[in-house]
Structures are given as C-alpha cells and as structure tokens.
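Peer 1: got a structure for you, letters missing:
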C-alpha cells in the first residue's frame, strides 16, 4: 500500500505511524489527514496490533496543521464557511480518533510539536518528549483558533490560558512534563527506543483489561461535560477562522506574500 505523507509499518504487536513531510516540518495537510485515518483503520483492523505509536520523520514531530489556504477561488461566503467547517471537523475527528482508539496510543515527539500537532500528541494516551523539544499553541499569532481544546482538562484553566493567550510556542519539554502534558522526557536519540519499550510493556498485558481501563479513564475525564465543551470550542474556532477584520486581512496578505516571520514582525511593529 503506497503512502505519500506518512509511513506505516508493524513491528510485532506494535503499529508505527510516522509523519513524513520532513521538508515541511511534517505540517499536517489534507492528504496527511486522509492517510492518518487510513493508517488508524489498518491498525485497528489488525488483530496482531496491540499498541499504536505516532512519531515524526526529520527534525520535528510536526509544526501543526498546514497554513496553506484550502478554499476554492471564486467561492461564495457560505461556501467558504462550509469548507472551513468541514476542514475543522475533519481535523477534530482525526485528533479524537487517537483519544477514542480502543488500542492504546503513544506519541513520541521531538524538535517541534506545535498547534494541532500538540493536540494530536495530547490526544494520545501516553506522550514522550525528546530533550530540547519545543511545544506550544501559536494559533492566536495567526488569528486562528484551537481545533481540540483539550489543554484546560489536562493542565488546568490557568495554565491553559497562559499558554493559549500568549501563543507560546517555546514550552520546554521540562515545563510540559511539570504541567502534565507529557509523561516523561528522554534524550532524543533514545526517544524511539523508549517509546518502543513502553509500548511493548503495555502490549504484554491483557488486551481486554487494557482497552477497558483506558475507556474507564477517559469516561472519568469526559463525564459529564468534556466532550460537550470540546464541541462548543470547535464552534468558536469556526468563528475565529471565518471572521475577517481589517487587521487580519493585512496580516494574511503579508503572510501569503512574505511568510510568517514577516507577518508577525508587522503586527509587532504596529503594537510597539
């Protein structure tokens, strides 16, 4: 089976999914969303697979969802909103598939783990971070919102607001561990080894007990309002993504022509 944006392979009871757009820091585009869903289908359908692992190729886990515009030229306002809604729904559903997966999921993150990629890593049951990794949610810098608002449930509202409202994209692995966003830190050279060892330890346990224990933990977190709150937050993200202001128009024009660094510098100059 051919893959263009990811790699998928099995290793005994483990299924490895590798984000594979290293020249784009593994930014998650539409084809990758589709292939990640297909890889999950394969892993869940394979009775030999007991644990699913997610990692990134190259110098980063992932810089998040691709910022490239996805809208057809000449589309009406209603068509644009419908397209963004579908895009966000697809992204949200992908993230939540890792959360809902009946088979345990392990993320091994290194380099950069930003935006939607952080949400993907948070949705995994266990997250390991390489030393020197930078994590964060820079969406507000680009006038974007959060696809899966998991942070308040995992690290508390005060820490979540600090991270999200500043657009901090330089959270260290040590700080992320202290906030409960990653399970452990290890040297990047040993990250895959550590993830494999942990996944094998899980795989050696009774699969029914593992599946139902994960289900029980998730039920505690989701009861009674987490899932409802995530859906409401997704609707607010749609409003963010589809509401244009004079500032956002200027910012996006610079972003399109000159790139992210120039656009952020422009905003900073206007505020100073």
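Peer 2: Happy to help now that I have it. Computed from a predicted structure; not experimentally measured.

Peer 1: state the number of residues packed around residue 19.
Peer 2: Neighbour count for residue 19, taken as other CB atoms under 10 Å: 26. Any C-beta I mention is one placed from the backbone N, CA and C, and that applies to glycine too.

Peer 1: for it, list each beta-bridge partner.
Peer 2: residue 6, residue 56 (DSSP bridges).

Peer 1: so how far is residue 39 from it?
Peer 2: 10 Å (CB to CB, to the nearest Å).

Peer 1: pretty sure residue 39 sits against residue 8.
Peer 2: Yes. Between residue 39 and residue 8 there is a contact at 4.5 Å, judged by CB atoms under 8 Å.

Peer 1: so for those two, which residue has more residues nearby?
Peer 2: residue 39 (22 against 18).

Peer 1: give the contact list for the more buried one.
Peer 2: 3, 6, 8, 15, 17 (CB atoms under 8 Å, 6 or more residues apart in numbering).

Peer 1: go again using 6 Å as the cut-off
Peer 2: 8, 17 (CB atoms under 6 Å, 6 or more residues apart in numbering).

Peer 1: same check on residue 255?
Peer 2: By CB under 6 Å, 6+ apart, the neighbours of residue 255 are residue 263.

Peer 1: what about the helices in the stretch 101-250 of the chain?
Peer 2: Secondary structure of the stretch 101-250 of the chain by DSSP state H, counting those that start in this stretch: the helices cover 116-123, 151-155, 157-166, 173-178, 191-203, 207-222, 226-242, 246-258.

Peer 1: so of the ones you listed, which one's packed in deepest?
Peer 2: Ranked by mean neighbour count, the helices of the stretch 101-250 of the chain are led by helix 116-123 with a mean of 26 (mean count of other CB atoms under 10 Å).

Peer 1: can you give the contact residues for that one?
Peer 2: So helix 116-123 is contacted by 62, 64-65, 95, 98-99, 107, 109, 113, 127, 135, 147-148, 150 (CB under 6 Å, 6+ apart).

Peer 1: any idea which of those residues is closest to residue 78?
Peer 2: residue 147 (21.7 Å; CB to CB).

Peer 1: point out where the stretch 101-250 of the chain drops to low pLDDT.
Peer 2: 223-224 (pLDDT under 70).

Peer 1: now for the residue lying closest to residue 195 once chain neighbours are set aside, how many residues are close by?
Peer 2: In this structure, residue 195 finds its nearest non-sequential neighbour in residue 108, 4.0 Å apart by CB to CB, 6 or more residues apart in numbering. Residues contacting residue 108 under the criterion other CB under 10 Å number 28.

Peer 1: next one: residue 77
Peer 2: Residues lying near residue 77 (other CB under 10 Å) number 9.

Peer 1: return the set of buried residues in stretch 92-103.
Peer 2: Judged by neighbour count (16 or more other CB atoms under 10 Å), stretch 92-103 contains these buried residues: 92, 94-99, 101, 103.

Peer 1: can you put the residues you listed in CSV and add distance to residue 249?
Peer 2: Listed next are the buried residues of stretch 92-103 as CSV, based on distance: CB to CB, whole Å:
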residue, distance to residue 249
92, 26
94, 29
95, 29
96, 32
97, 35
98, 35
99, 35
101, 40
103, 45
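
Peer 1: touching, the residue nearest to residue 195 and residue 190? I think so.
Peer 2: No. Look at residue 108 against residue 190 with CB atoms under 6 Å: they stay out of range, at 10.2 Å.

Peer 1: so which of the helices of the stretch 101-250 of the chain gets nearest residue 78?
Peer 2: When these are compared (using CB to CB), the closest one is helix 226-242, at 10.3 Å.

Peer 1: phi and psi next, for the nearest residue to residue 119 once chain neighbours are set aside.
Peer 2: Spatial nearest neighbour of residue 119, chain neighbours left out: residue 148 (4.4 Å); criterion: CB to CB, 6+ apart. When quoted as degrees, to the nearest 10, the phi and psi of residue 148 stand at phi -120, psi 100.
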